[in-house]
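*Asks:* show me the folded form of this:
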Amino acid sequence: MPGAAAAVATLVGMAEPRITLLTKPGCHLCDDARSALAEVLAEAEFADAALPVDEKNILDDAALTAEYAEEIPVVLLDGRVHTIWRVEPERLRTALRASLA
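*Replies:* Got it, this is the predicted structure:
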């Protein structure tokens with residue numbers, strides 16, 4: 001049942017991890033990162049949690065552009081940089097497991 005893990009986490013006082021993907025148009029590495037995130041989140045271990053990914057175009061935010069213009073894509077977990085340029089699936093799995101524990 002989608003959302004069951006999130007509901008359980010809420011009951012025990014834990015929040016699901018916030019995942020943000022910082023991108024910009026025409027970025028092939030952003031396409032790769034988006035695909036890697038989707039693949040990991042679709043795995044049985046994470047699929048029931050139905051974790052959303054908040055994708056932000058850095059060109060829509062001057063502060064994000066100034067900070068990340070040369071580092072796109074960036075994956076943020078709970079507002080902190082997890083990955084720059086390339087998503088390593090096993091590293092992402094490990095971080096998600098820790099966040100959902």
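*Asks:* count the neighbours of the spatially closest residue to residue 55 that is not a sequence neighbour for me.
*Replies:* Of all residues not flanking residue 55 in the chain, residue 21 sits nearest, at 4.7 Å (Cβ to Cβ, 6 or more residues apart in numbering). Using the backbone N, CA and C atoms, a C-beta is placed for each residue, glycine as well. The tally of other residues near residue 21 (other Cβ atoms under 10 Å) stands at 20.
*Asks:* next one: the one 5 residues further on
*Replies:* Residue 26: 7 surrounding residues under other Cβ under 10 Å.
*Asks:* quick one: least confident helix or strand in the chain?
*Replies:* Here the helix or strand of the chain ranked lowest by mean pLDDT, DSSP states H and E is helix 4-11, holding a mean of 42.
*Asks:* going along the chain, name the strands of the chain.
*Replies:* Listed in chain order, the strands of the chain (DSSP state E) span 19-23, 53-57, 74-77, 80-84.
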